[in-house]
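>>> I'll drop the sequence and a predicted model, then ask my questions.
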Amino acid sequence: MTPAIQREDDPPPAFHSKHYWKIAVLANIKDDNMSKPEGVPPDAFADFDHIEMVDALRAALETDGHSTVFIPADRELPYTLRDEKPDICFNLAEGLGGDAREAQAPALLEMLGIPYTGSRVLANAISLDKTLTKRIWRDRRLPVAPFQEFLIGDEPLRAELKFPLFVKPSREGTGMGVDINALVNDEKELRERVTYIINMYRQPALVETFLPGREFTVGLLGRSDAKLYSRHPEWYEKDGFHRFPVLELDTSHSTTPWIYTNEAKSKDVGEDGYLGYFCPAEVEPELEKKLKYLALRAHQAINSLDVSRVDIRLDEDGNPRLIEINTLPGITPDYSDLCLQSKAEGISYEDLVLDILYLGAGRWGMIPPHENGAKRKP
Ligand SMILES: Nc1ncnc2c1ncn2[C@@H]1O[C@H](COP(=O)(O)OP(=O)(O)OP(=O)(O)O)[C@@H](O)[C@H]1O
Ligand SMILES: [Mg+2]
């Protein structure tokens, strides 16, 4: 008998073995022309997706025979899910407000018993909170820059934090709250910026040592049993993970040199002031190994699942330091870092998103494990 409340360690519910599913794409959509409510930061909603991304994702999922529907991750979500009854959700929902918005849709789906892709509630909640994430990494002895969280703004600065420092909101993404003034050189600039972040973004400010070196991002796909559910078991190494080629950001031509700001992120590829990138990055084999090793450790430390992207910068001695992890990495074709990384090694957009789907579906018991990877069709 199925227990009324599914515990963490219960087996997943036994699912009908349908070959084609109704997949709901969950996302928060922005329209660049939409007016913003009063009192929100100038870059509010920057982490939302464009409808074109949803269309591209749906088209990719449909290439394998599934039907799809787009469900906005707004306050109607519980009711729309009840009406649409999807077999599985492809989760890209950023959520709305609060201290763990990226965990809202997963929490609701867990409650309703609806399968979904990617990380679960806790990992999505932790990764949104950069300070908490760094505390966990530090506890695992993973390298992070010295940091301090400011809740009020007038807390004394700890001695290990030496100028120049970098100030950012503790719970944003897509470079929100990061502009040229994020880099502060003295006590006065620090206090001004910290106060601005706390008041404008209504959340703690995270202050870190400024990392002056090269910036990389490492994409990961998989988990220990990924080969059993993937359409491409050959992608995955012995430990079940696929490491995408390292992408290096070329910030030298950006309107905000050396920093990946929201302003730079909002520009189209090739537009003046847009950040360039190198993928695969030209890195010493030793450094490449280290970056991929750290990304995987960072991913595992917060129990991320199936897909993530880890940002890393080099400190003044050239040592990599973890900046943050994105458990809901953007997947806009030919634009998002993860898509650029998979394209760089010849993996098509369709193959990328279908593997994210089947890894998720496998976890929820929707496809049987197969020693030669997922073979769903008769
Ligand atoms: N300690 C630091 N030293 C130097 N630069 C930093 C530091 N922390 C962040 N940055 C710069 O600010 C950018 C944005 O920071 P971060 O990755 O934490 O924010 P984000 O908005 O969550 O990014 P994403 O778009 O990847 O979600 C980084 O890509 C990097 O260029
Ligand atoms: Mg980042």
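Structure received. Ligands and ions are numbered 1, 2, ... in the order given.

>>> and the average pLDDT for stretch 207-217 is what?
The average pLDDT within stretch 207-217 is 96.

>>> no wait, stretch 346-358
The pLDDT scores in stretch 346-358 average 98.

>>> got a list of contacts for it?
Contact with stretch 346-358 is made by 23, 56-57, 60-61, 63-64, 88, 90, 117-118, 221, 229-232, 235, 306-307, 331, 333, 338-339, 342-343, 367, 374, 376, as judged by CB atoms under 8 Å, 6 or more residues apart in numbering. For every residue, glycine as well, the C-beta is placed using N, CA and C.

>>> what's the answer for stretch 45-59, then?
25, 27-32, 34, 36, 68, 70, 90, 92, 94, 172-176, 262, 265-266, 330-333, 349, 353.

>>> among the contacts of stretch 346-358, which are in strands?
If you go by DSSP state E, those have Ile23, Ile88, Phe90, Leu221, Asp306, Val307 in strands.

>>> list the contacts for the fourth one?
Right, the one you point to is Leu221. Trp235, Tyr236, Phe241, His242, Phe244, Asp306, Val307, Leu352, Asp355, Ile356, Leu359.

>>> in a markdown table: these, plus neighbour count and distance to ligand 1.
Formatted as a markdown table, those follow (neighbours: other CB atoms under 10 Å; distance: CB to the nearest ligand atom, whole Å):
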| residue | neighbour count | distance to ligand 1 |
| --- | --- | --- |
| Trp235 | 22 | 23 |
| Tyr236 | 23 | 25 |
| Phe241 | 19 | 20 |
| His242 | 21 | 20 |
| Phe244 | 28 | 15 |
| Asp306 | 24 | 18 |
| Val307 | 28 | 14 |
| Leu352 | 24 | 18 |
| Asp355 | 27 | 22 |
| Ile356 | 22 | 18 |
| Leu359 | 26 | 22 |
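
>>> phi and psi next, for the closest residue to ligand 1 within the stretch 251-378 of the chain.
In the stretch 251-378 of the chain, the residue that lies nearest ligand 1 is Tyr260 (3.2 Å; CB to the nearest ligand atom). Reported as degrees, to the nearest 10, the phi and psi values for Tyr260 are phi -90, psi 90.

>>> for Thr217, see how far away it is.
9 Å (CB to CB, to the nearest Å).

>>> who touches both of these two?
Common neighbours of Tyr260 and Thr217 (CB under 8 Å, 6+ apart) are Leu249.

>>> which parts of the stretch 251-378 of the chain sit against ligand 1?
Residues of the stretch 251-378 of the chain lying close to ligand 1 (CB under 6 Å from any ligand atom) are Ile259, Tyr260, Asp311, Arg313, Ile323, Glu324, Asn326.

>>> at 5 Å what do you get?
Residues of the stretch 251-378 of the chain lying close to ligand 1 (CB under 5 Å from any ligand atom) are Ile259, Tyr260, Asp311, Ile323, Glu324.

>>> just the buried ones from the residues you listed?
If you count burial by 16 or more other CB atoms under 10 Å, the buried members of those come out as Ile259, Tyr260, Asp311, Ile323, Glu324.

>>> Ala105 and Pro78 touch, don't they?
No: Ala105 is beyond contact range of Pro78, at 10.1 Å (criterion: CB atoms under 8 Å).

>>> comparing these two, which residue is more hemmed in?
Higher neighbour count among Ala105 and Pro78: Ala105, with 28 against 10, using other CB atoms under 10 Å.

>>> and the more buried one, what element?
Counting by DSSP states H and E, the element that carries Ala105 is helix 104-112.

>>> for that helix, packing partners?
If you count contacts as 3 or more CB pairs under 8 Å, 6 or more residues apart in numbering; DSSP states H and E, helix 104-112 packs onto helix 77-84, strand 88-91, helix 121-128.

>>> pipe those into JSON lines and attach mean pLDDT and distance to Gly153 per row.
Compiled in JSON lines, the helices and strands packed on helix 104-112 are given as follows (pLDDT from 0 to 100; distance: least, CB to CB, whole Å):
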{"stretch": "helix 77-84", "mean pLDDT": "97", "distance to Gly153": "35"}
{"stretch": "strand 88-91", "mean pLDDT": "98", "distance to Gly153": "35"}
{"stretch": "helix 121-128", "mean pLDDT": "98", "distance to Gly153": "21"}
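
>>> the closest residue to ligand 1 within the stretch 51-200 of the chain: neighbour count?
For the stretch 51-200 of the chain, the residue closest to ligand 1 is Gly173, as judged by CB to the nearest ligand atom, at 3.4 Å. Neighbourhood size, Gly173 [other CB under 10 Å]: 21.

>>> residues contacting Gly240?
Here Gly240 is in contact with Gly222, Arg223, Ser224, Asp225, Ala226, Lys227 (CB under 8 Å, 6+ apart).

>>> which among the residues you listed end up buried?
Gly222, Arg223, Ala226, Lys227.

>>> gap between the third one and His232?
So that's Ala226. In terms of CB to CB, Ala226 sits 10 Å off from His232.

>>> spit out the residues that contact these two alike.
Between them, Ala226 and His232 share no contacting residue under CB under 8 Å, 6+ apart.

>>> re the thing from before, just checking, which of the contacts of Gly240 belong to strands?
Counting by DSSP E, these contribute Gly222 to strands.

>>> mind putting the contacts of Gly240 in CSV, distance to ligand 1 and pLDDT included?
Below are the contacts of Gly240 laid out as CSV (distance: CB to the nearest ligand atom, whole Å; pLDDT from 0 to 100):
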residue, distance to ligand 1, pLDDT
Gly222, 21, 98
Arg223, 22, 97
Ser224, 26, 96
Asp225, 28, 96
Ala226, 24, 97
Lys227, 29, 96
